[in-house]
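1. predicted model follows, preceded by the sequence.
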Amino acid sequence: MDNQIDLSKKVVDRMFDNDPFSQWLGIERVEVGPGQCVLRMLVRDEMLNGFSIAHGGISYSLADSALAFASNGHGRMSVSVETSISHTLPVRSGDVLTATATELNRTDKIALYEVRVTNQDGKPVAFFKGTVYRTPKTWFPEDESN
């Protein structure tokens with residue numbers, strides 16, 4: 001299992017290093033593994049909408065990044081094909097959001113994930129569901145030739 005966790009971290013490192021949007025969000029990788037991921041970020045003033053609450057795209061983007069990292073953590077390139085989100089509480093500047101992605105089901109071609117987004121008080125602010133297509137491509141094909 002340690003090899004799988006190492007692979008997950010290697011994949012997520014490569015993805016994150018080439019993901020300027022997740023970097024702009026200020027995402028911190030708390031935990032990564034095959035089929036699961038925990039991310040955290042601070043909501044900043046420039047993320048607010050006209051109601052002085054976080055734009056819905058902020059929690060959506062955090063959850064979407066958690067989905068991407070969790071689903072690719074098995075080492076196969078995976079892309080989202082369907083996502084949805086339900087917002088349950090307003091998010092304000094200064095809030096710290098945590099997104100926890102959990103794999104619900106995985107086949108050779110499709111996988112289903114749930115991402116729970118909570119605030120610093122542990123209260124759920126959003127529930128996200130994502131389906132990914134698992135391509136046949138791997139992240140590190142050069143490692144497979146040995």
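-> Good, I have the coordinates.
2. got the CA positions of the longest strand anywhere in the chain in PDB?
-> Ordering each strand of the chain by length in residues (DSSP state E) puts strand 124-138 first. The C-alpha trace of strand 124-138 is given here as PDB (Å, rounded to 0.1, in the frame of the first residue of the first chain):
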ATOM      1  CA  PRO A 124     -20.700  21.400   5.700                       C
ATOM      2  CA  VAL A 125     -20.900  24.300   3.300                       C
ATOM      3  CA  ALA A 126     -21.200  22.200   0.100                       C
ATOM      4  CA  PHE A 127     -21.700  18.600  -1.200                       C
ATOM      5  CA  PHE A 128     -20.100  17.800  -4.500                       C
ATOM      6  CA  LYS A 129     -20.500  14.700  -6.700                       C
ATOM      7  CA  GLY A 130     -18.200  13.800  -9.600                       C
ATOM      8  CA  THR A 131     -18.000  11.100 -12.200                       C
ATOM      9  CA  VAL A 132     -14.700  10.600 -14.000                       C
ATOM     10  CA  TYR A 133     -13.700   8.700 -17.100                       C
ATOM     11  CA  ARG A 134     -10.500   6.600 -16.400                       C
ATOM     12  CA  THR A 135      -8.400   6.800 -19.600                       C
ATOM     13  CA  PRO A 136      -6.000   3.900 -20.400                       C
ATOM     14  CA  LYS A 137      -3.100   6.300 -20.100                       C
ATOM     15  CA  THR A 138      -0.900   6.300 -17.000                       C
END
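3. pairing partners for the helix or strand harbouring Glu114, with directions?
-> Following DSSP states H and E, one finds Glu114 within strand 110-118. When pairs are called by DSSP bridges, strand 110-118 turns out to pair with strand 96-106 (antiparallel), strand 124-138 (antiparallel).
4. what residues sit buried inside it?
-> Applying a neighbour-count criterion of 16 or more other Cβ atoms under 10 Å, one finds Ala111, Leu112, Tyr113, Glu114, Val115, Arg116, Val117, Thr118 buried in strand 110-118. C-beta here means a position set from N, CA and C on the backbone, and glycine is covered the same way.
5. which of these lies closest to Ile58?
-> Val117 (9.6 Å; Cβ to Cβ).
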